[in-house]
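Visitor: okay, sequence plus prediction incoming.
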Amino acid sequence: MTAIVVTLATAIVTAACTTGLTGAAAVDDRPRFADQEAGDRVVVATTFTILADMARRVGGDRVRVESVTTPGADVHQYEPSVDDLKRVEGADLVVSNGLGMDDWLLRFIDGTDARHVVTSEGVDPLPVRSGNYTGRPNPHAWMSPDEGTRYIRTIALALADLDPDGADEYLDRAETYVAELDDLASRARAAVAEVPEERRVLVTCEGAFSYLARDLGLEELYLWPVNSESQGLPRQVTALIDEVRDREIPAVFCESTVSDAAMQQVASETGSRVAGLLYVDSLSAPSGPVPTYLDLLDHDLEIITRELTS
Ligand SMILES: [Zn+2]
């Protein structure tokens, strides 16, 4: 397949002017599509690492996938650099989350020929429950294995549509992948069933676990609702301290892309403990603990159920 040529160069230059990007960002030695020989492969650009992993699993050797944001980056209200956006240049398919999380990409793909698929299409959104974004969709639907299934199938259908010769491959790989995800979810439900009922409370820094908590029958408490908001404000900390202390919650958690300082304070003032680092908005580097989406869910669920049980 010949990559559809997109005219992002102009958009990028415009962005550099209008957003004050100077292009003098840190040296970025990631390979670019434009520097690589895509051959007959479908070129896919995603907004963050979790979607990139899904696209690689479904696409296999027929696709070349790149994430605009790198491992560890906070995808909320991300400010793409010129180099980041050059990664989208030449993409056949752009994959984003939607639900307001990665809208920063939209103005760069408007008017291009790249197809665009939103993985959360069809998700019944849970609302953000507090703060400036109250009532808006909580964007973290991929943290639900049930919604993750929807993401995977949506990517497979988009690839099949774009590359009909590979349609059977994409759909087969997606179903194998979904079966692995279902198996993981079943094991997680069994593990949660072992947690005493009064302890089924998940306390995190960002309110990013609403969909996962819904799937598994956990109650969700957090310091701040979404990373786009102020993080670790005194009123957020004191409110959570009261709750953790009153309910004698033994373990609290924080996520890899944010500071855990405020949660350490909650733990030290309540006798609870920060029981582990969870991953939600980004995979780790390939050599880290969660190089894939399934690793991410497995890692988080293993730590959460183990720490709430012990
Ligand atoms: Zn988040």
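Guide: Received the coordinates, thanks.
Visitor: and the residue in the chain sticking out farthest from the centre, helix, strand or coil?
Guide: Within the chain, the residue lying farthest from the chain centre (Cα atoms, centre = their mean) is Asp246, at 32.2 Å. Asp246 falls in the helix class when you classify it by DSSP: H, G, I helix; E, B strand; the rest coil.
Visitor: so what's it up against?
Guide: The contact partners of Asp246, by Cβ atoms under 8 Å, 6 or more residues apart in numbering, come to none. Glycine gets a C-beta too; all of them are placed from N, C-alpha and C.
Visitor: do the same with the one 10 residues further on
Guide: Taking Cβ under 8 Å, 6+ apart as the definition of contact, the neighbours of Ser256 are Gly72, Leu277, Leu278, Tyr279, Val280, Asp281, Ser282, Ser284.
Visitor: and the first one, how many neighbours?
Guide: Just to be clear, that refers to Gly72. Close neighbours of Gly72, defined as other Cβ atoms under 10 Å, add up to 15.
Visitor: need the pLDDT of the residue farthest from the centre of the chain.
Guide: For Asp246, the pLDDT comes out at 95.
Visitor: quick check: it vs Leu240, distance?
Guide: Distance of Asp246 to Leu240, given as Cβ to Cβ, to the nearest Å: 11 Å.
Visitor: got the buried residues for the longest helix along the chain?
Guide: Ranked by residue count, the top helix of the chain under DSSP state H comes out as helix 167-193. Neighbour counts over helix 167-193 (16 or more other Cβ atoms under 10 Å) mark 169-171, 173-174, 177-178, 181, 184-185, 188, 191-192 as buried.
Visitor: just checking, next helix/strand downstream of it?
Guide: The first helix or strand that comes after helix 167-193 along the chain, using DSSP states H and E, is strand 201-206.
Visitor: ok, that next one: who's next to it in the sheet?
Guide: strand 219-224 (parallel) (DSSP bridges).
Visitor: sorry, back to before: buried among the contacts of Ser256? Make that a ChimeraX selection.
Guide: Buried members of the contacts of Ser256, defined by 16+ other Cβ under 10 Å, are picked up in ChimeraX with:
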select :277,278,279,280,281,282,284
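Visitor: filter the contacts of Ser256 by proximity to the ion?
Guide: Among the contacts of Ser256, the residues within reach of the ion (Cβ under 5 Å from the ion) are Asp281.
Visitor: wait, a strand at Val44?
Guide: Yes. Counting by three-state DSSP, one finds Val44 located in a strand.
Visitor: count of neighbours near the closest residue to Leu296 other than its chain neighbours?
Guide: Of all residues not flanking Leu296 in the chain, Val290 sits nearest, at 4.2 Å (Cβ to Cβ, 6 or more residues apart in numbering). Using other Cβ under 10 Å, Val290 has 24 other residues around it.
Visitor: next: Ser230.
Guide: Neighbours of Ser230 under the rule other Cβ under 10 Å: 10.
Visitor: not counting its neighbours along the chain, what's nearest it?
Guide: Using Cβ to Cβ, 6+ apart, the nearest residue to Ser230 is Trp224, at 6.8 Å.
Visitor: what about that neighbour, how many neighbours?
Guide: 22.
Visitor: any idea how far Val258 is from Leu296?
Guide: Shown here: Val258 relative to Leu296, a distance of 16 Å by Cβ to Cβ.
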